[in-house]
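Student: fold the stuff below for me.
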Amino acid sequence: MRLQKARVLTFCIMATVFLLWTGNLSRVQAVTPELNRTFEKSIVSDQPESDQFCLPPQPEPTEMSAPAEIPLDEIPADIDCEIDLIKNRFGNRKPDAIKLIEGPCAGKAVIKLTLDPKTTEFTKARIEILYGKQIDSWSLNIGDSRSNNGYGGDSADQTHDSEAQIIGADLTIIGDDCVPEGTSKVLASMTGLAEPGATLVFDLANNRLAWRNDKGLDGEVKSPYLFCLDGQEDKEGPVNYDIFVGLNQVVNGTYRSGCGAIRTRIKLLHTSP
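Tutor: From the prediction side, this is the model:
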């Protein structure tokens, strides 16, 4: 009996080797079903079923790599900060008041400005944006909340969540959650503001935003529902003096993004610009 089993086993092994050599894998499975099932089980037994055909998770980076710096002597003397969205570089003379939140990476960035007269001593900001030859979708999002994501939304993190946005060539300014019910939250809009090669300038302060381009278009909004930077009470989040600037993306992330802005310069001011 033992001799007979040994002969059968030897035959199975030889047949398997032969069929593997000839490339007929389907016949290998027929000849050695138990061996095949054991082999399959050993592959998947240590993995959850849903992950059997997924690559193993990659470790998350423990430290964000620093962007390339723009030497301060390359930045005009009257400018406090410059963001180069082509070479993904950043230069900053006022690190207490201007902070890089995201990027610059792949032509996108988020900047935080703190306009607190008690800490940074600044209360106004001028933002100059140079546009390239191509403009598409979201190129600018200036918001009163860290989670601003366009159209006046911020996932209810702040009551004061007003924002200005440029989609394509068009500017829209949207009031915060304090806009009276039944009233449009759109405080102002302008079509055709962002043109290829144009330079846009925004002057912002508490309850105020003015804008212009070098093609002759300009405008201004003053509203208690816009950019609350004077210690106003906030029912959903902490009182703050911060403004966030999303370049070629919304403030909260790149899930709404675009292209167009290629360079941004920021000047902080103590008095009204």
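Student: counting neighbours, what do you get for the closest residue to R93 other than its chain neighbours?
Tutor: In this structure, R93 finds its nearest non-sequential neighbour in D80, 4.8 Å apart by C-beta to C-beta, 6 or more residues apart in numbering. (Each C-beta comes from the backbone N, C-alpha and C, glycine too.) D80: 22 surrounding residues under other C-beta atoms under 10 Å.
Student: doesn't K267 make contact with D80?
Tutor: Yes. Applying C-beta atoms under 8 Å, one finds D80 in contact with K267, separated by 5.5 Å.
Student: quick one, helices of the stretch 151-273 of the chain?
Tutor: Using DSSP state H, counting those that start in this stretch, no helices are found in the stretch 151-273 of the chain.
Student: revised request: answer the last question for the stretch 1-150 of the chain.
Tutor: 2-22, 25-31, 33-44.
Student: ok, back up a step: would you mind measuring from the residue nearest to R93 to I167?
Tutor: Taking C-beta to C-beta, to the nearest Å as the criterion, D80 is separated from I167 by 28 Å.
Student: ok, now which ones touch A188?
Tutor: L171, T172, I173, G219, V221 (C-beta atoms under 8 Å, 6 or more residues apart in numbering).
Student: pLDDT value on it, please?
Tutor: At A188, the model reports a pLDDT of 98.
Student: check what pLDDT G152 gets.
Tutor: On the pLDDT scale, G152 gets 83.
Student: leaving out the residues flanking it, which one is nearest to it?
Tutor: I174 (3.9 Å).
Student: what is the neighbour count of that neighbour?
Tutor: Using other C-beta under 10 Å, I174 has 24 neighbouring residues.
Student: for it, list the residues it contacts.
Tutor: Contacts of I174 by C-beta under 8 Å, 6+ apart are Y151, G152, S162, E163, A164, Q165, K185, V186, L187.
Student: buried ones among the residues you listed?
Tutor: Neighbour counting over the contacts of I174 (16 or more other C-beta atoms under 10 Å) leaves G152, S162, E163, A164, Q165, K185, L187 as the buried ones.
Student: how near is the first one to K222?
Tutor: In this case it means G152. For G152, the distance to K222 - C-beta to C-beta - is 18 Å.
Student: one step back: from the contacts of I174, pick the one nearest A106.
Tutor: Lowest distance from A106 to these (C-beta to C-beta) belongs to Q165, with 19.8 Å.
Student: verify the stated contact: that closest one with W138.
Tutor: Yes. At 7.0 Å, Q165 counts as touching W138 under the criterion of C-beta under 8 Å.
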